[in-house]
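Engineer: With the input below, show me the fold.
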Amino acid sequence: MLKLLICVFVLVTEVAPSPVRQHFHENSEAGINKQINMELYASYVYMSMASHFGQADVSLDGFARFFRRMSEEERQRANVLVDYQNKRGGRVVYQNVQKPDLSEYDSGLAAMNAALALEKHLNEQLLELYRVADRHEDPQMQDFLNYHFLKEEVTRIKQLGDYVTKLQRVGSGLGEYIFDRDTLGGGK
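Structural biologist: Next up is the predicted model:
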């Protein structure tokens with residue numbers, strides 16, 4: 001009798017495949033779950049940067065607003081991936097979000113360099129996800145990634161690269177303050 005109950009329990013708890021799932025490989029599903037976690041991690045890192053620059057002893061409001069906006073955008077991107085996963089009949093599996101490596105930055109330049117490195121890493125992950133879709137002949141997923149992520153990622157990397165160059169030119173101190181005020185809108 002006990003064996004019968006265990007078997008019935010296993011059958012009841014097993015999740016049936018989604019009725020909308022079509023040509024959606026398990027590797028694609030796993031890759032999207034990994035990317036969701038990466039986007040949430042990036043959001044967490046940017047929120048940490050925003051908190052740092054908003055502190056009274058740092059007080060660079062433009063940097064704080066810029067990184068807060070970046071954090072919100074990363075969370076939105078995670079939501080877009082969640083919606084896509086559901087639309088394709090996949091299951092969203094959340095993982096623990098890693099704590100940011102740093103909570104303080106020596107300068108705006110150091111933070112922008114960290115943001116640029118993070119965006120390049122996110123882009124690499126997205127390109128790998130694109131290759132997974134290609135290997136499994138999923139042009140719909142490739143189109144989705146192109147439209148919602150890859151084009152935007154190139155633009156974001158360029159913007160951050162420009163900010164790094166400008167911050168290197170102006171230097172720390174007054175130059176960083178003017179960059180914060182004029183470029184990032186910290187004086188408003």
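
Engineer: can you pull the contacts of the residue most central in space within the chain?
Structural biologist: With distances taken as C-alpha atoms, centre = their mean, the residue of the chain nearest its centroid is residue 39 (2.2 Å). By C-beta atoms under 8 Å, 6 or more residues apart in numbering, the contact set of residue 39 is 74-75, 77-78, 81, 122. (C-beta placed from N, C-alpha, C; glycine too.)

Engineer: between these, which is nearest residue 24?
Structural biologist: Nearest to residue 24 among those: residue 81, at 13.5 Å, using C-beta to C-beta.

Engineer: quick one: the residue nearest to the centre of the chain and residue 28, what's the gap?
Structural biologist: For residue 39, the distance to residue 28 equals 16 Å [C-beta to C-beta, to the nearest Å].

Engineer: quick one: stretch 48-65 to chain centroid distance?
Structural biologist: 20 Å (C-alpha atoms, centre = their mean, to the nearest Å).

Engineer: buried set for that stretch?
Structural biologist: 48-54, 58, 60-65 (16 or more other C-beta atoms under 10 Å).

Engineer: Is residue 35 in contact with residue 123, as I believe?
Structural biologist: No: between residue 35 and residue 123 there is no contact under C-beta atoms under 8 Å: 11.2 Å.

Engineer: Out of the contacts of residue 39, list just those in strands.
Structural biologist: Within those, no residue falls in strands by DSSP state E.

Engineer: By neighbour count, which of the residues you listed wins?
Structural biologist: Within the contacts of residue 39, most neighbours by other C-beta atoms under 10 Å means residue 81, with 27 neighbours.

Engineer: now the helices: where do they sit in this protein?
Structural biologist: Assigned by DSSP state H, the chain shows helices spanning 2-13, 26-54, 61-87, 108-135, 139-145, 151-170, 174-182.

Engineer: most tightly surrounded among the ones you listed?
Structural biologist: Ranked by mean neighbour count, the helices of the chain are led by helix 26-54 with a mean of 20 (mean count of other C-beta atoms under 10 Å).

Engineer: tilt between that one and helix 61-87?
Structural biologist: Computed by axes from the mean of the first three to the mean of the last three C-alpha atoms, to 10 degrees, the angle separating helix 26-54 from helix 61-87 equals 160 degrees.

Engineer: From the contacts of residue 39, pick the one nearest residue 18.
Structural biologist: Nearest to residue 18 among the contacts of residue 39 is residue 81, at 16.3 Å by C-beta to C-beta.

Engineer: tell me the contacts of the closest residue to the closest one other than its chain neighbours?
Structural biologist: Once flanking residues are discounted, residue 81 sits nearest to residue 36: 4.8 Å by C-beta to C-beta, 6 or more residues apart in numbering. By C-beta under 8 Å, 6+ apart, the contact set of residue 36 is 78, 81-82, 85, 92, 94.
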